[in-house]
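Peer 1: Quick one, fold the following:
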Amino acid sequence: VDDLSVQAGIPAELDTEAACNSIKELVPSLGLFMHCQIYYKSHIEPYLSILEESCRYLLESHYNSETNGWE
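Peer 2: Modelled structure (predicted):
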């Protein structure tokens with residue numbers, strides 16, 4: 001039994017679904033939080049890797065480390 005379950009007063013013998021429902025009642029914003037996590041993973045995270053690749057490409061191909069300038 002995890003700490004959140006203990007705080008919510010969920011008996012250890014309850015099944016997982018009942019425990020989850022009790023926690024959702026304890027934390028009304030949990031659904032919103034999970035939705036935000038899903039949104040981040042599907043909409044934002046992919047663009048972060050594209051941005052990182054683009055920056056790496058710019059640095060490798062257009063930045064001159066000898067002159068500390070852009071070409």
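
Peer 1: so after the lengthiest helix in the chain, what's the next helix or strand?
Peer 2: Longest helix in the chain, counting residues (DSSP state H): helix 45-62. Helices and strands here follow DSSP states H and E; after helix 45-62, the next one along the chain is strand 63-64.

Peer 1: Who are the packing partners of that following strand?
Peer 2: strand 69-70 (3 or more CB pairs under 8 Å, 6 or more residues apart in numbering; DSSP states H and E). Backbone N, C-alpha and C define where each C-beta goes, glycine included.

Peer 1: How about residues contacting the strand it packs on?
Peer 2: By CB atoms under 8 Å, 6 or more residues apart in numbering, the residues outside strand 69-70 that reach it are His62, Tyr63, Asn64.

Peer 1: do stretch 53-66 as well
Peer 2: Gly69, Trp70, Glu71.

Peer 1: Pick out whichever of the residues you listed sits closest to Leu51.
Peer 2: Proximity of the contacts of stretch 53-66 to Leu51 was ranked by CB to CB; the top entry is Trp70 with 18.0 Å.

Peer 1: Just give the number of residues close to the closest one.
Peer 2: Trp70 has 9 neighbours, counted by other CB atoms under 10 Å.

Peer 1: how much space is there between it and Tyr39?
Peer 2: Remark: distance between Trp70 and Tyr39 (CB to CB, to the nearest Å) = 35 Å.

Peer 1: circling back: any chance of the contacts of stretch 53-66 in CSV, plus pLDDT and distance to Cys55?
Peer 2: Formatted as CSV, these follow (pLDDT from 0 to 100; distance: CB to CB, whole Å):
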residue, pLDDT, distance to Cys55
Gly69, 78, 17
Trp70, 78, 13
Glu71, 76, 16
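
Peer 1: can you list the weak-confidence ranges in the protein?
Peer 2: 1-16, 19-20, 23-24, 26-30 (pLDDT under 70).

Peer 1: separation between Tyr40 and Tyr57?
Peer 2: Tyr40 is 24 Å from Tyr57, by CB to CB.
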